[in-house]
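**Student:** give me the fold of what follows.
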Amino acid sequence: MADFSFEALRRFPDVEAPNLVAVDATDRLILDEAAEALAAAPTGTVVVIGDRYGALTLGAAALHGATAVRTHQDALTGERALAANADRAGLTDTFTSHDLDATLLTGARVVLLQLPRSLDALDEIAALVAEHADPQVVVVAGGRVKHMSVAMNEVLGRYLGTVEARLARQKSRVLVASSPRPAAERPTTTWPASEHHAELGLTICAHGSAFAGTRLDLGTRFLLGSLDAMAPDATRAVDLGCGTGVVAAALAVARPALQVVATDDSAAAVASALATARANGVADRVEVLRDDAAATLPDSSVDLVVLNPPFHVGASVHTGVAHKLFAAAGRVLRPGGELWTVWNSHLLYRPALERAVGPTRQVARNAKFTVTASTKR
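**Tutor:** This is a model prediction of the structure:
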């Protein structure tokens with residue numbers, strides 16, 4: 001443990017690049033601010049939420065003596081990076097991974113939290129802390145100052161009676177929250193949330209961390225305008241990077257003979273997509289998988305892939321995830337199968353799609369987005 005070093009941590013199997021880091025000043029600040037609480041925490045009462053690649057979980061164990069740490073990471077790649085980093089550091093037995101639920105938080109005395117960008121995500125986490133953690137729990141939540149807002153204090157304050165902002169350091173800041181409010185004083189928000197969209201004839205369900213929540217983002221809305229033209233003879237389709245599963249549900253509702261796989265790296269997305277499939281009566285034909293770029297699907301096994309790729313990795317603008325998903329689509333498509341993609345037009349993805357999949361044609365374009373169809377060679 002004495003050999004533990006933040007500098008040795010890696011992001012792999014997530015995207016790695018010079019401008020993408022595995023640990024930053026926020027990780028260090030959270031651990032420093034939580035040092036006293038960590039030293040006093042009984043075995044099994046330290047919980048880590050939102051640890052990106054293991055800095056908080058492994059730092060709590062190696063530098064502060066935390067034992068039997070419980071951790072939740074939304075991204076599957078984050079879980080795998082934590083496992084790999086722990087193996088290299090000899091810390092594999094110091095933590096267990098959990099879903100974001102009562103099992104994670106029951107009896108927690110210290111919660112280390114990387115603040116999510118979404119207030120809904122923070123609301124869902126804070127509600128679980130207030131309901132299940134020890135009454136003496138201390139939440140040490142940190143983020144980059146540029147991504148923080150007073151609204152975060154307000155969300156935490158709905159569920160925890162004391163919220164204190166600590167001094168910033170290296171452009172990071174920590175909020176320390178404690179004193180869970182009694183149930184009668186807390187909001188009664190239920191997750192996942194749901195919203196019916198009459199123009200689509202669909203209900204979208206979303207957990208707090210799911211991209212776009214119960215709304216329909218503009219790119220997906222534009223892509224759905226081409227739904228009827230997508231590989232009309234397909235019998236098996238994949239909603240790759242499915243988010244809340246709205247495309248998977250739309251395909252299954254429109255085509256009763258089609259089997260659909262909805263897959264995403266995010267635990268919140270997968271839980272949301274499953275809820276969306278159930279809400280729209282198609283759960284029997286929509287299989288939902290938490291997977292890294294459809295890695296568990298066989299080669300040449302599907303007729304249609306539909307994709308609205310991200311162009312951010314965390315808070316950084318980076319197209320690495322999109323290119324990874326293009327390659328995944330090329331692998332799982334049968335010859336003659338189609339990848340339908342919507343992308344921000346300025347990204348000029350067409351050459352990359354041609355390389356990864358095959359001949360690519362423009363189907364639709366508006367002021368912001370382009371929809372293309374690529375045919376597997």
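**Student:** quick one: buried residues of the helix or strand hosting Ala81?
**Tutor:** Per DSSP states H and E: Ala81 is located in helix 76-89. Buried residues in helix 76-89, counted by 16 or more other CB atoms under 10 Å: 76-82, 84-86, 89. Just so you know, the C-beta spots here come from the backbone N, C-alpha and C atoms, and that holds for glycine as well.
**Student:** which one of these is nearest Thr67?
**Tutor:** Ala86 (13.8 Å; CB to CB).
**Student:** pretty sure that closest one sits against Gly54.
**Tutor:** Yes - the criterion here is CB atoms under 8 Å, and Ala86 meets it with Gly54 at 6.3 Å.
**Student:** ok now the helix holding Ala81, how far from the chain's centre?
**Tutor:** On the basis of CA atoms, centre = their mean, to the nearest Å, helix 76-89 sits 16 Å off its chain's mean C-alpha point.
**Student:** list the buried ones in the helix or strand that that helix is followed by?
**Tutor:** Sequence-wise, the next helix or strand downstream of helix 76-89 (DSSP H and E) is strand 95-97. Under the neighbour-count criterion of 16+ other CB under 10 Å, strand 95-97 has 95, 97 buried.
**Student:** now strand 95-97, how far from the chain's geometric center?
**Tutor:** That offset, for strand 95-97, works out to 18 Å (CA atoms, centre = their mean).
**Student:** neighbouring strands of that strand in the sheet, and parallel or not?
**Tutor:** Sheet pairing for strand 95-97, assigned by DSSP bridges, gives strand 69-72 (parallel).
**Student:** give me the mean pLDDT for the partner strand.
**Tutor:** Mean pLDDT, computed over strand 69-72, is 98.
**Student:** just give me how far that strand sits from the chain centre.
**Tutor:** On CA atoms, centre = their mean, the centre of strand 69-72 falls 16 Å from that of its chain.
**Student:** contacts for it?
**Tutor:** Residues from elsewhere that reach strand 69-72 (CB atoms under 8 Å, 6 or more residues apart in numbering): 44, 46-51, 56-57, 60-61, 82, 94-100, 103-105, 108, 267.
**Student:** is it true that Trp191 touches Ala126?
**Tutor:** No - taking CB under 8 Å as the definition, Trp191 is not a contact partner of Ala126, at 11.4 Å.
**Student:** and these two? Which one has more around it.
**Tutor:** Ala126 (28 against 22; other CB atoms under 10 Å).
**Student:** wait, the more buried one sits on Leu160?
**Tutor:** Yes - the pair Ala126 / Leu160 is scored as a contact, 6.7 Å apart, by CB under 8 Å.
**Student:** now the common contact residues for the two.
**Tutor:** Contacts common to Ala126 and Leu160, judged by CB under 8 Å, 6+ apart, are 139, 177.
**Student:** re earlier: any of the contacts of strand 69-72 buried? List them.
**Tutor:** Looks like the contacts of strand 69-72 have 46-51, 56-57, 60-61, 82, 94-95, 97-98, 100, 104-105, 108, 267 buried, using 16+ other CB under 10 Å.
**Student:** ok, back up a step: dump the buried residues of helix 76-89 into TSV; add distance to Thr372 as well.
**Tutor:** What follows is these, written out as TSV (distance: CB to CB, whole Å):
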residue	distance to Thr372
Leu76	27
Thr77	26
Gly78	30
Glu79	32
Arg80	31
Ala81	31
Leu82	36
Ala84	35
Asn85	37
Ala86	41
Ala89	43
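**Student:** follow-up on the earlier one: which strands and helices sit next to the helix holding Ala81?
**Tutor:** Helices and strands touching helix 76-89, by 3 or more CB pairs under 8 Å, 6 or more residues apart in numbering; DSSP states H and E, are helix 55-64, strand 95-97.
**Student:** contacts for that helix, please.
**Tutor:** Contacts for helix 76-89 (CB under 8 Å, 6+ apart): 1, 3-4, 8-14, 22, 51-54, 57-58, 62, 71, 73, 92, 94-95, 97, 265-267, 290-292.
**Student:** per-residue confidence at the residue positioned nearest the centre of the chain?
**Tutor:** Residue closest to the average C-alpha location in the chain (CA atoms, centre = their mean): Ser266, at 3.6 Å. pLDDT for Ser266: 96.
**Student:** contacting residues for it?
**Tutor:** Contacts of Ser266 by CB under 8 Å, 6+ apart are 74-76, 209-211, 243, 290.
**Student:** now with 6 Å?
**Tutor:** By CB atoms under 6 Å, 6 or more residues apart in numbering, the contact list for Ser266 reads Asp74.
**Student:** report the beta-bridge partners for it.
**Tutor:** Applying DSSP bridges, one finds that Ser266 bridges with Ala75.
**Student:** can you tell me how far it is from Val371?
**Tutor:** 23 Å (CB to CB, to the nearest Å).
**Student:** now do Leu91
**Tutor:** From Leu91 to Val371 the distance is 46 Å (CB to CB).
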